[in-house]
Structure formats: C-alpha cells, structure tokens
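[1] Structure, please.
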Amino acid sequence: MILQALTILLAVFLILVLLRAVRHLADTNVQYEKLPLAMTIFIAIWLIYLSVLSYTEILTDFSLPPKMPLIVVLPLLVMIFISLFKKGTTDFVAATSVSWLIYIQSYRIIVELIIWGAYKQGIVPVETTFEGQNLDILVGLTAVPLAYYAKRKKVEPVVLLLWNIASLLILANTVRLFITAAYFPAEIGQDGSLVGPEFAKLPYLLIAGLFMPLAVYIHALSIKQLVQRNN
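    Numbers count the residues shown, from 1 in each chain. Got it, this is the predicted structure:
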C-alpha cells in the first residue's frame, strides 16, 4: 500500500509541476493563455485512458504483439516528437532555466525506488532494478549536483548535452530490460513473462504511462534548449 501511495503521490507532484511550468509560459506570453487549460484536459483524458486500460486488464496479457509499448508508450513518444517542432515548445525552453530541466530529472530516484519495491513484492525481476542491470538511478543522482553547477554556470553546455544523451541511452536500456522481461523472457532463459500483471495496472502503469515518457520529454526539451541557446 505504501508503494502504491508513493507512486500516486509522485504522479500528482509531476503533474502539478508540469502544469505550473505551462502556467509560467502563459503568464509571460499572452498567446499561450489557453495552454494550461488545454494541458489539463489532455492530462485528464490520458489518465482516463490509462484507467480504462487498467480496468479492462488488456495490458496484463504479455503475449505478442507487445501491447504496453504499442498502445501506451508509442503514442506518447509520437506526441513528444511532434511537439518538439511547435513554436510553443521553442518559447517554453527559451523561458525556462537550464538548471531546472536538469534538476527535475532527480524524480527518477523515486521511480527507481518504486521499481525496486515492486521487485521486492515479486512484480518485476531483479534485472529491471538498480540491483540488476538498470542504471537509471544514476541519472537521478547526478541530476542534482549537475543542476547546481549549471545554475552557477560552472558546467559547459557540451557537458549538459552529453549528459542528456547518455541519460537517454540509459533510459533506452531500462525500457529494453522491461520489454525483454515481459515479452521476450526466452532471451534470458525463462519460459514465461517475468513481469507480474500488477505492473500493467494502476498505479504501476504510471511508470510506463507517465514517468518514463516524461523523462524522455524533459531530456528532449533540455537538448533543444542547449542547442537553441548555442546557435
């Protein structure tokens, strides 16, 4: 119960932070005054979508094709890619501090603790945790000191750019670990899925349906910001 509550609290926190950031853009640029409402509606629709998937237990079937990557992760990644070319995104990164987009990635420490807790409950295998092959917690741990020095302009932009790229590669490896454990267990010598059905339901579904895509989006924003400011 504590683990589920922590997952929900983290989701609420991140949503509030996201809405606050959008509100800041709206306050500084009148053309985006309707953006906070649009973002609120989108988040609400997405959470309803995840709730329906969780209730119907469509995602608990770990047979191929891989349902969670296809109907949860992929749509968000496509929307992230499209949004990067929008004027609003350009204006957002221009109005946002470099250090903030680094510091916020520290939430991944909590995500990795949730995954580790899920492992202790037998929901996911050890390979998907920091005790196994998941190095994502290093991103969260390095985000805080890196943001601190970035705020004081003691870190070269190229270092921040390389950190973002390395972090995305680490995250890609984490996603690979989960996909392999859930849908291709034969690759690690197992007969059936190593991921329990609880992982495909709320609140754990928020890991794939919110926490991971948001991490990708923030990295993409940071990379766009760094490139934008050094051209």
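
[2] Quick check: most distant residue from the centroid of the chain.
    Residue distances from the centre of the chain (Cα atoms, centre = their mean) peak at D191, which lies 29.4 Å from the mean C-alpha position.

[3] phi, psi of that residue?
    phi -80, psi -40 (degrees, to the nearest 10).

[4] Let's see the pLDDT reported for the closest residue in space to it that isn't next to it in sequence.
    By the measure of Cβ to Cβ, 6 or more residues apart in numbering, the closest residue to D191 outside its immediate chain neighbours is P185, 6.8 Å from it. C-beta: built from backbone N, CA, C; applies to glycine. As summarised for this prediction, P185 has a pLDDT of 93.

[5] give the contact list for P185.
    Shown here is P185, whose contacts under the criterion Cβ atoms under 8 Å, 6 or more residues apart in numbering are D191, G192, S193, L194.

[6] related to what we said a few turns ago, against A181, how distant is the residue farthest from the centre of the chain?
    D191 sits 13 Å away from A181, going by Cβ to Cβ, to the nearest Å.

[7] before we move on, what about S63?
    Between S63 and A181 the computed distance is 14 Å (Cβ to Cβ).

[8] any low-confidence regions in the chain?
    Scanning the chain for pLDDT under 70 picks out 231.

[9] Quick one: distance of stretch 203-219 to the chain centre.
    3 Å (Cα atoms, centre = their mean, to the nearest Å).

[10] what about it, start to end distance?
    With Cα to Cα, to the nearest Å as the measure, the first residue of stretch 203-219 is 24 Å from its last.

[11] For that stretch, give me every contacting residue.
    4, 7-8, 10-11, 14, 18, 46, 50, 53-54, 59, 68-69, 72-73, 76-77, 80, 83, 101, 104-105, 107-108, 111, 114-115, 118, 123, 139, 164, 167-168, 171, 174-175, 178, 198-199.

[12] Inside helices: which ones of those?
    Among these, the ones falling in helices (DSSP state H) are 4, 7-8, 10-11, 14, 18, 46, 50, 53-54, 68, 76-77, 80, 83, 101, 108, 111, 114-115, 118, 139, 164, 167-168, 171, 174-175, 178.

[13] Show the buried residues in those residues.
    With neighbours counted using 16 or more other Cβ atoms under 10 Å, the ones in helices among the contacts of stretch 203-219 contain these buried positions: 7, 10-11, 14, 18, 46, 50, 53-54, 68, 76-77, 80, 101, 108, 111, 114-115, 118, 139, 164, 167-168, 171, 174-175, 178.

[14] element containing V93?
    For V93, the element it lies in under DSSP states H and E is helix 87-95.

[15] Just name whatever secondary elements that helix is in contact with.
    Under the contact definition 3 or more Cβ pairs under 8 Å, 6 or more residues apart in numbering; DSSP states H and E, helix 87-95 sits against helix 2-28, helix 212-229.
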